[in-house]
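Peer 1: sequence below, structure please.
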Amino acid sequence: MKMCEITGKTAQVGNNVSHSNKKTKRRFNPNLKTKRFWNEEEGRWITLKVSTSGMKTINKKGLAVALKEAAAPKKVY
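Peer 2: From the prediction side, this is the model:
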């Protein structure tokens, strides 16, 4: 499944709009990359499928904090 393992981003649905304003369904897939990250606590590489915004989150907060927040249940309002 095309989903970021850090942010949880998935594909969105929208329309292709032609010149005559005819609409057909399409998908907007997230910008996913397979990337290896070094886990300092375990002393090993971890391979994650993350979006580019997920990479920025890991760079900002650190891998351990980002993984902990991704595993925590999401709040639904």
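Peer 1: make sure Ile46 is indeed in a helix.
Peer 2: No - under DSSP: H, G, I helix; E, B strand; the rest coil, Ile46 sits outside any helix and is assigned strand.
Peer 1: quick one, strands of the protein?
Peer 2: Assigned by DSSP state E, the chain shows strands spanning 12-17, 23-28, 32-39, 44-51.
Peer 1: counting contacts, what elements does the third one pack onto?
Peer 2: In terms of contacts (3 or more C-beta pairs under 8 Å, 6 or more residues apart in numbering; DSSP states H and E), strand 32-39 is packed against strand 44-51, helix 52-61, helix 63-71. Glycine gets a C-beta too; all of them are placed from N, C-alpha and C.
Peer 1: and the strands of the chain: which comes nearest Val65?
Peer 2: When the strands of the chain are compared by C-beta to C-beta, strand 32-39 sits nearest Val65, at 12.1 Å.
Peer 1: can you point out the buried residues in the closest one?
Peer 2: Residues of strand 32-39 classed as buried: Leu32 (neighbour count, 16 or more other C-beta atoms under 10 Å).
Peer 1: in its sheet, which strands sit next to that strand, and in what direction?
Peer 2: Strand pairing for strand 32-39, using DSSP bridges, gives strand 44-51 (antiparallel).
Peer 1: could you pull up the mean pLDDT of the strand it pairs with?
Peer 2: The average pLDDT for strand 44-51 rounds to 96.
Peer 1: tell me the angle that strand makes with helix 52-61.
Peer 2: Relative orientation of strand 44-51 and helix 52-61, computed by axes from the mean of the first three to the mean of the last three C-alpha atoms, to 10 degrees: 130 degrees.
Peer 1: in strand 44-51, what's buried?
Peer 2: The neighbour-count criterion (16+ other C-beta under 10 Å) identifies 48-51 as the buried residues of strand 44-51.
Peer 1: can you list the helices and strands packed on strand 32-39 in TSV and add distance to Met3?
Peer 2: Shown next, in TSV, are these (distance: least, C-beta to C-beta, whole Å):
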stretch	distance to Met3
strand 44-51	8
helix 52-61	10
helix 63-71	11
